[in-house]
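Student: this is the structure alone, sequence omitted:
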């Protein structure tokens, strides 16, 4: 695992030999901005359906190990 | 007439079957049964599917046939069986991403593409095998099984959408949907001798596609020919308010581009992707394909796109960074796998992720997290974003002069199992010809253009400027109509 990760980092290192002066980073290739929809109240998905995929749930909540003493 | 009984229905195309349905020569149930029989026969050898819903498919076929008879559904996809890659959400049907992490996950909703296909009367047969979370080029990283190439079962089908491509080639479905992040749809389509199209980024809604690298991912069809490709594209494209990156444009009827004429079309062939990079037999088939296009009136010439030399480091950095961020959601709380034993919350996260993910997924999460870390961000991630712009700019310039950029889909034909599993860099490099379309968000199609001396398919790749799928379909259709490669079927 370590060797293969190292090999990929070496490949990524090649980026630093490329001249990128005066080039703006391109975060996303789509050009549209501010994609809004109407702020309308809609029913969301049924809670029991959502919870049916949870590894552990109780009283309508997800169960996780205790995080506060 | 009962023509359906005489021909192998599973071997036919959407167009052929749809015409037969319209003439009442066959029924949707007969087609579905024919494909299910094929699945039963070949699945033990090929292993294309993770989940098969035979009974449900037959019930749906019966219901859709009634809708066809009453005139309620008129789509050419009505009554045609199909299957989808197992990273596309199907309500109430397992969607595992070929990972232990999601081995029990039944989505509470349908992906937009699934809803669109259901509305068109498509019959879902099941979910197709893939590399875990779409990370791989051979389908060997699947947690569940190997998928074998129908042309030679000692070889991989390609990946990550290996199941989607192998199933179409073998007649285990009439067509399929797959996803493409760095070539995951096109490379297996090429390895299996079928047609695959990665649409422009934003053409097809990603809602319900389990995210791999969100700024690269796109869903597209794998079909037996270019006509079918246009038919499926018609059904799945369009703006979706549930995916803010889906483009608000008017999509044409893509079948109108199925025109056998390429005269005057300007084709650029980048020298960076020729020569030693390609296997000799792939190179030979490619040169012959270029000759065919020239003979048909296309104007082909060599061009130079120097930034293609920087595709691999840019792709690895950006795609893995997005992977590491996207896969943070698998924490064993809301859905998916949770470790059986743990001491506290942190330990639960660690064990869940250590046990739930395979090696390739872990490798990419580690690399992506490193590239995004505060100390390395400028050196890798930001730099890769700049290189991404250079690559995009170079393509934009090229498309001012050329209609199509052409090169092979893969440097090699299907390789044997285990050849590259120990050498991830070699595997990543193998996708170098397909990565540019994802980096620049361009549409790209692959179609068969030859066979090597082992009778393994070779794929030809065409790219065009964004939202110009019509031009691709026209060029691909012309090539297909004047060659016979797409008519070959594996003898599995």
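Tutor: Cool, got the structure. All values derive from a computational prediction rather than experimental measurement. Residues are numbered from 1 along each chain as shown, chains lettered A, B, ... in the order given.

Student: mind giving me the packing neighbours of whichever strand or helix holds residue B:50?
Tutor: Under the criterion of DSSP states H and E, residue B:50 resides in strand B:49-52. Applying 3 or more Cβ pairs under 8 Å, 6 or more residues apart in numbering or on different chains; DSSP states H and E, one finds that strand B:49-52 contacts helix B:28-46, strand B:123-128, helix B:162-170. For glycine as for every other residue, the C-beta is placed from the backbone atoms N, C-alpha and C.

Student: let's have the ones you listed in JSON lines, adding mean pLDDT, mean neighbour count and distance to residue B:181.
Tutor: Formatted as JSON lines, those follow (pLDDT from 0 to 100; neighbours: other Cβ atoms under 10 Å in any protein chain shown; distance: least, Cβ to Cβ, whole Å):
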{"stretch": "helix B:28-46", "mean pLDDT": "98", "mean neighbour count": "20", "distance to residue B:181": "24"}
{"stretch": "strand B:123-128", "mean pLDDT": "98", "mean neighbour count": "28", "distance to residue B:181": "16"}
{"stretch": "helix B:162-170", "mean pLDDT": "98", "mean neighbour count": "34", "distance to residue B:181": "14"}
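
Student: so who does residue 18 touch?
Tutor: Just so you know, I chose chain A. B:310, B:383, B:386, B:387, B:390 (Cβ atoms under 8 Å, 6 or more residues apart in numbering or on different chains).

Student: think we crossed wires, I meant chain B
Tutor: B:76, B:77, B:78, B:79, B:80, B:231.

Student: before we move on, what about residue B:152?
Tutor: Neighbours of residue B:152 in contact, by Cβ under 8 Å, 6+ apart: B:414, B:454, B:455, B:456.

Student: just the buried ones from the residues you listed?
Tutor: Buried subset of the contacts of residue B:152 (neighbour count, 16 or more other Cβ atoms under 10 Å in any protein chain shown): B:414, B:456.

Student: tell me the SS of residue B:315?
Tutor: Following DSSP: H, G, I helix; E, B strand; the rest coil, the label given to residue B:315 is helix.

Student: excluding its backbone neighbours, what's nearest it?
Tutor: Once flanking residues are discounted, residue B:315 sits nearest to residue B:435: 4.5 Å by Cβ to Cβ, 6 or more residues apart in numbering or on different chains.

Student: verify the stated contact: that neighbour with residue B:311.
Tutor: Yes: applying Cβ atoms under 8 Å, one finds residue B:435 in contact with residue B:311, separated by 5.0 Å.

Student: pLDDT wise, what is the residue of chain B positioned farthest from its centre at?
Tutor: Relative to the mean C-alpha coordinate of chain B, counting by Cα atoms, centre = their mean, the farthest residue is residue B:343 (41.3 Å). Residue B:343 is assigned 96 on the pLDDT scale.

Student: how about it, secondary structure?
Tutor: Here residue B:343 is coil, with the state taken from three-state DSSP.

Student: residue B:86 contacts residue B:93, correct?
Tutor: No: Residue B:86 lies out of contact with residue B:93 (Cβ under 8 Å); the separation is 9.6 Å.

Student: quick one: which of those two has more around it?
Tutor: residue B:86 (30 against 18; other Cβ atoms under 10 Å in any protein chain shown).

Student: list the contacts of the closest residue to the more buried one other than its chain neighbours.
Tutor: Nearest residue to residue B:86 in three dimensions, chain neighbours excluded: residue B:127, at 4.1 Å (Cβ to Cβ, 6+ apart). Counting by Cβ under 8 Å, 6+ apart, residue B:127 makes contact with B:49-51, B:83-86, B:88, B:90, B:93-96.

Student: switch to 7 Å and redo it
Tutor: By Cβ atoms under 7 Å, 6 or more residues apart in numbering or on different chains, the contact list for residue B:127 reads B:49, B:50, B:51, B:83, B:84, B:86, B:90, B:93, B:94, B:95.

Student: next one: residue B:270
Tutor: By Cβ under 7 Å, 6+ apart, the contact set of residue B:270 is B:303, B:304, B:305, B:308, B:405, B:407.

Student: residue numbers of chain A in contact with chain B?
Tutor: Proximity of chain A to chain B (Cβ under 7 Å from any Cβ of the partner chain) is limited to residues A:1, A:4-5, A:7-8, A:11-12, A:14-16, A:18, A:20, A:23-30, A:35, A:37, A:45, A:49-50, A:53-55, A:62, A:64-65, A:67.

Student: among those residues, the buried ones, what's the ChimeraX command?
Tutor: A single ChimeraX command selects the buried members of the residues of chain A next to chain B (16+ other Cβ under 10 Å):
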select /A:4,5,8,11,12,14,15,18,20,23,26,29,30,50,53,54,55,64
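
Student: residues in contact with residue B:369?
Tutor: residue B:324.

Student: please report phi then psi for it.
Tutor: Per-residue torsions, residue B:369: phi -60, psi -40 (degrees, to the nearest 10).

Student: quick one: it from residue B:474, how far?
Tutor: Per Cβ to Cβ, to the nearest Å, residue B:369 is found 44 Å from residue B:474.

Student: name the SS class of the closest residue to residue B:185 other than its chain neighbours, please.
Tutor: Spatial nearest neighbour of residue B:185, excluding adjacent residues (Cβ to Cβ, 6+ apart): residue B:178 at 4.2 Å. Three-state call for residue B:178 (three-state DSSP): strand.

Student: I'd say residue B:178 and residue B:86 touch.
Tutor: No: contact criterion Cβ atoms under 7 Å: residue B:178 and residue B:86 do not qualify, at 10.2 Å.

Student: contact partners for the residue positioned nearest the centre of chain B?
Tutor: Note on chain B: the residue nearest the mean C-alpha position is residue B:185, at 2.2 Å, using Cα atoms, centre = their mean. Residue B:185 makes contacts with B:161, B:178, B:179, B:196, B:198, B:220, B:222, as judged by Cβ under 7 Å, 6+ apart.

Student: cool, residue B:115 as well?
Tutor: Per Cβ under 7 Å, 6+ apart, neighbours of residue B:115: none.

Student: can you report phi and psi for it?
Tutor: Per degrees, to the nearest 10, the backbone of residue B:115 is at phi -60, psi -40.

Student: tell me how far it lies from chain A.
Tutor: In this view, residue B:115 and chain A are 15 Å apart by Cβ to the nearest Cβ, to the nearest Å.

Student: how about residue B:395?
Tutor: Residue B:395 is 11 Å from chain A, by Cβ to the nearest Cβ.

Student: same check, this time on residue B:93
Tutor: Shown here: residue B:93 relative to chain A, a distance of 13 Å by Cβ to the nearest Cβ.

Student: residue B:420 too?
Tutor: Residue B:420 is 11 Å from chain A, where distance means Cβ to the nearest Cβ.

Student: how about low-confidence regions in chain B?
Tutor: B:1-6 (pLDDT under 70).

Student: ranges for the strands of it?
Tutor: B:49-52, B:81-85, B:123-128, B:175-180, B:195-198, B:218-223, B:266-270, B:299-303, B:404-408, B:444-451, B:457-463 (DSSP state E).

Student: again with chain A
Tutor: Using DSSP E, the strands of chain A run over residues A:57-58, A:61-62.

Student: ok, and what's touching the last one?
Tutor: When contacts are defined by Cβ under 7 Å, 6+ apart, strand A:61-62 is touched by residues A:54, B:333, B:334.

Student: how near is the first one to residue B:266?
Tutor: Meaning residue A:54. For residue A:54, the distance to residue B:266 - Cβ to Cβ - is 56 Å.

Student: same check on the last one?
Tutor: To residue B:266, residue B:334 is 51 Å away according to Cβ to Cβ.

Student: count of residues packed around residue B:106?
Tutor: Neighbour count for residue B:106, taken as other Cβ under 10 Å: 17.
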